[in-house]
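1. just coords:
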């Protein structure tokens, strides 16, 4: 039997209208769909009715299928000749473990196609009018994970001195520590924002400073999934004032 093919599909940050045309077309080929919790269920409208949908979790702090088991399921389905859509929130190659899954599949001789998605680090700040680069303020951006792996901590002091906008994924559970470390290289009044459920109707956010953000987030009750943005362009946000939260409506 000829093996099937696996598509590693980025579903974007949450708003289903940010799904790419290529993703829609590849979803329409699927016999089996393995979908993460962070991907919007609305993307399943583009999946054939006969397709089996398997939910694998992958939300921070919640029960999930082990990564090794996900990779094993991808191999099993592809070896059975099925077309498999592996659907992830954001982009599969930006903190999505898509690289690991690609390696496992290629090592087994399974064909893989990567379908990029719009990562949250690009789309979510834009909902507040926060540019990641700006000629008058900052000339680069760094995406970094706040979730450590086996104690492999980012060098926050070095990142603070980089002069870049910092976009921090998976950092909410360690926000106090991260903002404290960043103050080793940035002023305490550096603008900073935390945005939960970015691009979704339930989006909520807080804008403050490195010194205040952790307390502001706790007071507002924001949690994961959320993105943190640090840098001068946060001051260009359309929010009325620092420390305030608003709820947005998305079409």
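-> Received, thanks. Not measured: the values here are computed from a predicted model.
2. quick one: low-confidence ranges for this protein?
-> 58-63, 239-251 (pLDDT under 70).
3. how far does the helix or strand where residue 33 lies sit from the chain's center?
-> Element membership for residue 33 (DSSP states H and E) is strand 32-36. Computed by CA atoms, centre = their mean, to the nearest Å, the chain-centroid distance of strand 32-36 equals 17 Å.
4. residue 222 touches residue 196, doesn't it?
-> Yes. Counting by CB atoms under 8 Å, residue 222 does reach residue 196; the two are 4.7 Å apart. In short, each C-beta sits where N, CA and C put it, glycine included.
5. any shared contact partners between these two?
-> 204, 205 (CB atoms under 8 Å, 6 or more residues apart in numbering).
6. pick out whichever of these two has more residues nearby.
-> Shown here are residue 222 and residue 196; by other CB atoms under 10 Å, residue 196 has more neighbours (22 against 19).
7. so that one versus residue 230, what's the distance?
-> Distance, residue 196 to residue 230, by CB to CB, to the nearest Å: 16 Å.
8. equivalent analysis for residue 53, please.
-> Counting by CB to CB, the gap from residue 53 to residue 230 is 37 Å.
9. the two: which has the busier surroundings?
-> Taking neighbours as other CB under 10 Å, residue 53 and residue 230 compare with residue 230 leading, 27 against 14.
10. mind listing what that one touches?
-> 165, 166, 168, 182, 186, 190, 191, 192, 193, 210.
11. does the second one really touch residue 231, like I thought?
-> Yes. Here residue 166 reaches residue 231: they are 6.2 Å apart, a contact under CB under 8 Å.
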